[in-house]
Each structure stands twice: as structure tokens, then as C-alpha cells.
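Visitor: model this:
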Amino acid sequence: MEEAVASCLALLGTATDRDWAGVKAGRLEWSCRYTAEHIAGDLIAYAGQLAGRAQDAYVPFDITFDDGTDNSGVLDVIRTTGALLAAAIRTTPREVRAFHPYPFRSANREGFAAMGTAEVLLHTHDIAEGLGLTYRPAPEISEFVLGRIFPHIRPAADHWRALLWATGRGELPGRAPVTDWRWHNNLVHTTDRLTLQGITPAAAGDLVAGGDGGFEWIEGGPYEGTREAATFLLKAYASGVHRPEFGVFTLVRREDGRAVGGLGFHGAPDEEGRAEIGYDLAEGARGQGYATEALRALSEWALARDDIRTVFATIERDNLASQAVVARAGFKKVSEDEVEGEFAYELGR
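Guide: Next up, the predicted model:
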């Protein structure tokens, strides 16, 4: 995020002698001056959400500039509010979530970093367009945003153009224009002992590369099934069919914030409303009911939706432990494949 702010200041600092108030910012109805003030307002608002741990709404405050604040002064405020958000992000524990309305009413520090970065990048672009300046931030900054809060957007070779297209600000070959958009923070489900935290494409990429996906794991984690599921998530993301709510979730213990396993869907439900689910646990977390608790919670959430009628799991015949997990979660055995040596279990409504 600090790189995004620096790029904004570097470009707009070359045009502080221009009339920002009398020129529209690109395709917006706002003036360049108001758009710059909006950047600062968003940055301080996000910092306030994280610092105040807001849970139900935005903290009710805003920025008011002193009379006579010129364009250079506005940039000073952007610099300062950017530093405040960066400090809030650095000092906020990984497990903390604060209110943001889109789309699941909360975001963690990474989500706020991505949203703050997006606000700076996109509105600097708008101002630059209005003033006739050329703005092209480093590609890795746009990639950071796309991989965290645009999981539903198929990536492109040019990350900056993809971000502009995804927010209705440009064209991308082979894709229809975007007229309505929202970013997506990750979905989190809560149980008595766990949080089920949606894995973003960026986190999935790190897991596939052998990293921890941004989570603090117990010894032995992440287990191989979680890394394999992250591979499938990345394939869906690359093909533009990833639906985050039907992705993969990391199981994190609420008592200490440590990840113990993974759970998720094998994709969106089919035309008959059937969705397949799978899970694994690090060895040190087995035998404590975590998988059953998480499976029951995610299945209940799924079956409460209009587009899902059945959740099913396919389990190898000799995997008695996994069969016990689904049975405790309420699943019933419905079929047996003699050739593959697998059982199918279902939970429906």
C-alpha cells in the first residue's frame, strides 16, 4: 500500500499548480480536487476501522481540510493518511477483522491493505486522466489487489489493465465491458472453536509454492490435501470460474489463531444443486472433533442457500476416520463404488 501512495504522490506532485477543482477526474462526476480528498478520506476511514476494531458500521468521522488548503496540502494529507493506514495494518493482529460492507461485512488487515491500495491506484488514475497525465503503477501492486479482493476476476497478463477493466475503467481484449462491480473480501464462517477463513488466490498461490498461505500453522500443517485443494482453486481462478464462497477455507483455532486444516468445496454446485465437499487436518489436530465441527457448519451454511440441495463427500473405503467424521456431521452413506473402492455420503434437504 505504501508503494501505491508513493506512486500517487510522485505523479500528482508534478501537477499541483494546475486547477484540480475545475476539472473532472476521468469518467467520474467528481472533480480532481474532490477525488484527491476522497482518497485521503478512504485511507483514514480504513485506518479507523482497523484501529477501532469496528464491527457493525463505519466509525462516524471524516476529514475536513483547513480553509485555504492547496493541492500540495491535499497531497500532504494523502501522505499522512496513507502512513496511518500502513501503521494500522502493521500493528493489527492477523486474526482481527473489522467492518466493511462488501460483500461479507468484514475484512482482515490484508483486505484493508488491498482496498486501500485499490482506492489509491484507481483514483490516482482518475485524476491523472482528468489532468492529461500518464499513470502506470508497478504491475506487482495491481497483482496484489487482484489476488486478494478480486478473486472472481480471471487474471490477465497485464495486471494494471485487468484492474482497470474490472472496475469499469478500461477495455480488455476478449472481455465485455464492466458496468457494475464490487470487490470481494474473503468469507469467514465461525464455529464454537474455529474460524473457517476463505483462502484467496494470493494465499492459494503461496500454499502451492510451499508457503503457509499467510496463516500460522500447527506443527505438520498445512497437510497435503490443503495444498492440493489450493492447486484446484488456482486453476479455477485462472480460468475465471472461481466462486469464492465455494472455494477452500483454512480452519483456524479461535483460542490461539493457529491453523489446523483445510475444508472446502470442489467447485460451485451443479445444475441439480449438488456440491461436493472435502477436508483434511494436520496430524496434531486429529481426534479432537475439529473436522466434524467445521464440516457441519459449512454444510449447514450451504444447505441454507437456494442454489444447493445436497452436499456430498466421496471417501475411500479404508478411510474409517473420515467416514466417522461425516457420520458425526449427519451425512448418510448412499452408494458404494466397488471399482474405485469409495463410498459416497450425502447431506440434503
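Visitor: now this structure, which segments are flagged as low pLDDT?
Guide: Across the chain, residues meeting the criterion (pLDDT under 70) sit at 339.
Visitor: Show me what the longest helix along it is packed against.
Guide: Ordering each helix of the chain by length in residues (DSSP state H) puts helix 109-131 first. Contacts defined by 3 or more C-beta pairs under 8 Å, 6 or more residues apart in numbering; DSSP states H and E place helix 109-131 against helix 2-12, helix 32-52, helix 71-91, helix 139-149, helix 159-166. (Glycine included, C-beta is placed from N, CA and C.)
Visitor: buried ones in that helix?
Guide: Residues of helix 109-131 classed as buried: 109-131 (neighbour count, 16 or more other C-beta atoms under 10 Å).
Visitor: for stretch 66-77, same thing?
Guide: Of the residues in stretch 66-77, 71, 74-75, 77 count as buried by neighbour count, 16+ other C-beta under 10 Å.
Visitor: next one: stretch 257-267
Guide: By 16+ other C-beta under 10 Å, the buried positions in stretch 257-267 come out as 258-267.
Visitor: tell me, how many neighbours does Asp318 end up with?
Guide: The criterion is other C-beta atoms under 10 Å. On that basis, Asp318 has 9 neighbouring residues.
Visitor: Please apply the same query to Ala10.
Guide: When neighbours are defined as other C-beta under 10 Å, Ala10 has 11 of them.
Visitor: Number the chain from 41, please
Guide: Sounds good: first residue 41 from here, last item Ala50.
Visitor: Just want to check the distance between it and Ala65.
Guide: Taken as C-beta to C-beta, to the nearest Å, the spacing of Ala50 relative to Ala65 amounts to 18 Å.
Visitor: Tell me where the stretch 191-340 of the chain has strands.
Guide: With strands called from DSSP state E, counting those that start in this stretch, the stretch 191-340 of the chain shows them at 228-230, 234-238, 256-257, 288-293, 298-305, 314-321.
Visitor: ok, the closest residue to His165 other than its chain neighbours - contacts?
Guide: Leaving aside its chain neighbours, His165 sits nearest to Tyr175 (5.3 Å; criterion: C-beta to C-beta, 6 or more residues apart in numbering). Contacts here follow C-beta atoms under 8 Å, 6 or more residues apart in numbering; on that basis Tyr175 touches 47, 51, 164-165, 168-169.
Visitor: Pick the one among those closest to Asp107.
Guide: Among the contacts of Tyr175, Thr164 lies closest to Asp107 (C-beta to C-beta), at 25.4 Å.
Visitor: Is it correct that that closest one is in contact with Gly53?
Guide: No: judged on C-beta atoms under 8 Å, Thr164 makes no contact with Gly53 at a distance of 11.3 Å.
Visitor: residues in contact with the nearest residue to Arg58 once chain neighbours are set aside?
Guide: Spatial nearest neighbour of Arg58, excluding adjacent residues (C-beta to C-beta, 6+ apart): Leu171 at 5.9 Å. By C-beta under 8 Å, 6+ apart, Leu171 lies in contact with 55, 58, 60, 63, 72.
Visitor: for Val365, same thing?
Guide: The neighbourhood of Val365, defined by C-beta under 8 Å, 6+ apart, consists of 319, 331-332, 335.
Visitor: Could you do Gly254 as well?
Guide: Counting by C-beta under 8 Å, 6+ apart, Gly254 makes contact with 134, 150, 243, 246.
Visitor: What is the burial count for the first one?
Guide: Using other C-beta under 10 Å as the criterion, Arg134 is surrounded by 14 other residues.
Visitor: just the last one next, same as before
Guide: Neighbourhood size, Asp246 [other C-beta under 10 Å]: 18.
Visitor: Determine the number of other residues adjacent to the nearest residue to it once chain neighbours are set aside.
Guide: Of all residues not flanking Asp246 in the chain, Gly253 sits nearest, at 5.0 Å (C-beta to C-beta, 6+ apart). The criterion is other C-beta under 10 Å. On that basis, Gly253 has 24 neighbouring residues.
Visitor: I'd assumed Ile239 was in contact with Gly253.
Guide: Yes: the pair Gly253 / Ile239 is scored as a contact, 6.3 Å apart, by C-beta under 8 Å.
Visitor: what sits in contact with each of those two?
Guide: Between them, Gly253 and Ile239 share these contacting residues under C-beta under 8 Å, 6+ apart: 247, 270, 290.
Visitor: Please tell me which one of those counts the most neighbours.
Guide: Neighbour count (other C-beta under 10 Å) singles out Thr290 as the most crowded of the shared contacts of Gly253 and Ile239, with 29 neighbours.
Visitor: Now distance to Phe352 too, for the helices and strands packed on helix 149-171, in CSV please.
Guide: Converted to CSV, the helices and strands packed on helix 149-171 look like this (distance: least, C-beta to C-beta, whole Å):
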stretch, distance to Phe352
helix 42-52, 44
helix 72-92, 39
helix 111-131, 40
helix 179-189, 30
helix 199-206, 33
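Visitor: Please name whichever of the ones you listed is nearest to Val374.
Guide: Taking C-beta to C-beta as the criterion, helix 179-189 is the member of the helices and strands packed on helix 149-171 that comes nearest to Val374, at 37.9 Å.
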